[in-house]
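S.K.: Sequence plus the predicted model coming up.
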Amino acid sequence: MRMDLDAFIRDLPKAELHVHIEGTLEPELLFQLAERNQVALPYSSVDEVRAAYEFTNLQSFLDIYYQGAAVLITEQDFADLMAAYLERASADGVRHAEIFFDPQTHTERGIGFSVFMDGFARAQREAEERLGITSSLILCFLRHLSSEEAVETLEAARPYLDHLVGVGLDSSEVGNPPERFAEAFELAGDLGLHRVAHAGEEGPPAYIRGALDVLGAERIDHGVRLEDDDDLLARVAKAGVPLTMCPLSNVKLRVFDVMGDHNLKRLLDRGVKVTVNSDDPAYFGGYIGDNYLAVAEALDLSLGDIAQIARNSIEATFLPNGRRESLLAELDQFVV
């Protein structure tokens, strides 16, 4: 049954809505880029890097995540990173991906927008031509930095607005409520960009409410703490606000002790538009297909449940209606 389930999941047409491109940096590519750019690493082997990927919470992960990003320097580095992710995503049945990136992680190191944006765009074009996978970018503000820096980052991105579908909010959640970033999100809305935000991963349900009410978030990234507030849960379900959930990430970062404790199925049964995504797959042990399989097995999801989650993912994209409807038709044909 596992082999049948695995094949069903990986062939299932789907979208990925919550993946950080910097979090797809596999140890092998990390070492390759470090050698190319003559960057010293505090690890002597790929195995030593993987051994370091044992995290106790979100911050312990972020510490190593930002360290790894230091090897990304040239346009070719960013193109290689994007190409490797899109190749893996396509193999997992992803037809469209909306990909987070953290410009402040790079601009703080003196790397300009043109370097990473041009690298990403080249790899995205090549992947669409070769694999048929489409993708778009969501610029994320680092919430441990100031709101003023978020606005400055968005201003710096103005020449590249045609390459962006939206803005998001990520990094250390606890103690950094979404309300701090109201100005940047209002500006993003004025520029015609969609808005999403990480909320309710380690932070309280109030952060979800703030992301919706103050930031105008159209999707909530993670949102596992939604279950702690029945009124908010009912509101989110009624409004059809998607949750971009990341099961392997939640277990790896100790949000849940084991996958069997995850609340995705309970939220799905209560009418919440849940989706499954990979977050930072190089660090958390699996890409989107692995996440679907892990949650399907641990929570005893039916094939109908799995297909509904894939449908949710396509419906929750920021694609134009024509492309969205064609993907939904492909999904319907697959599950008949």
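M.R.: That came through fine.

S.K.: quick one, strands of the chain?
M.R.: Applying DSSP state E to the chain gives strands spanning 14-16, 94-101, 134-142, 164-170, 194-199, 219-222, 243-245, 274-276.

S.K.: Go through stretch 281-297 and flag the buried ones.
M.R.: By 16 or more other C-beta atoms under 10 Å, the buried positions in stretch 281-297 come out as 281-296. (Glycine included, C-beta is placed from N, CA and C.)

S.K.: Pick the one among the residues you listed closest to Ser146.
M.R.: Tyr283 (26.1 Å; C-beta to C-beta).

S.K.: Which stretches in the stretch 51-200 of the chain count as helices?
M.R.: With DSSP state H, counting those that start in this stretch applied, the stretch 51-200 of the chain shows helices at 58-68, 75-91, 103-107, 113-131, 147-156, 182-190, listed in chain order.

S.K.: Lowest average pLDDT across the ones you listed?
M.R.: Note on the helices of the stretch 51-200 of the chain: helix 58-68 shows the lowest mean pLDDT, a mean of 78.

S.K.: I'd like to know which elements it is packed against.
M.R.: With contacts taken as 3 or more C-beta pairs under 8 Å, 6 or more residues apart in numbering; DSSP states H and E, helix 58-68 sits against helix 281-284.

S.K.: Residues contacting the helix it packs on, please?
M.R.: 19, 23-27, 53, 55, 61, 64-65, 88, 246, 248-249, 252-253, 278, 287-288, 290 (C-beta atoms under 8 Å, 6 or more residues apart in numbering).

S.K.: Now, of the residues you listed, which are buried?
M.R.: Judged by 16+ other C-beta under 10 Å, buried ones among the contacts of helix 281-284: 19, 23-27, 55, 61, 64-65, 88, 246, 248-249, 252-253, 278, 287-288, 290.

S.K.: coming back round to it: with distance to Asp332 as new columns, can the helices of the stretch 51-200 of the chain be given to me in TSV?
M.R.: Conversion of these to TSV gives the following (distance: least, C-beta to C-beta, whole Å):
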stretch	distance to Asp332
helix 58-68	37
helix 75-91	20
helix 103-107	38
helix 113-131	22
helix 147-156	38
helix 182-190	33
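
S.K.: closest one to Leu41 among the ones you listed?
M.R.: Closest approach to Leu41 among the helices of the stretch 51-200 of the chain (C-beta to C-beta): helix 58-68, 8.6 Å.

S.K.: Next, format the strands of the chain as JSON lines and append mean neighbour count and distance to Ala237.
M.R.: Conversion of these to JSON lines gives the following (neighbours: other C-beta atoms under 10 Å; distance: least, C-beta to C-beta, whole Å):
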{"stretch": "strand 14-16", "mean neighbour count": "30", "distance to Ala237": "20"}
{"stretch": "strand 94-101", "mean neighbour count": "25", "distance to Ala237": "22"}
{"stretch": "strand 134-142", "mean neighbour count": "24", "distance to Ala237": "24"}
{"stretch": "strand 164-170", "mean neighbour count": "24", "distance to Ala237": "22"}
{"stretch": "strand 194-199", "mean neighbour count": "27", "distance to Ala237": "16"}
{"stretch": "strand 219-222", "mean neighbour count": "26", "distance to Ala237": "12"}
{"stretch": "strand 243-245", "mean neighbour count": "29", "distance to Ala237": "10"}
{"stretch": "strand 274-276", "mean neighbour count": "27", "distance to Ala237": "10"}
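
S.K.: Pipe these into TSV and attach distance to Phe116 and mean pLDDT per row.
M.R.: Shown next, in TSV, are the strands of the chain (distance: least, C-beta to C-beta, whole Å; pLDDT from 0 to 100):
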stretch	distance to Phe116	mean pLDDT
strand 14-16	20	98
strand 94-101	7	98
strand 134-142	10	98
strand 164-170	12	98
strand 194-199	20	98
strand 219-222	21	98
strand 243-245	22	98
strand 274-276	26	98
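
S.K.: Switch those over to CSV; also include distance to Asp228.
M.R.: Putting the strands of the chain into CSV (distance: least, C-beta to C-beta, whole Å) gives the following:
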stretch, distance to Asp228
strand 14-16, 26
strand 94-101, 25
strand 134-142, 25
strand 164-170, 20
strand 194-199, 12
strand 219-222, 13
strand 243-245, 14
strand 274-276, 16
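
S.K.: Surely Lys263 is in contact with Gly223?
M.R.: I think there's a mix-up here, since residue 263 is Asn and not Lys. No: using C-beta atoms under 8 Å, Asn263 is not in contact with Gly223; the gap is 9.7 Å.
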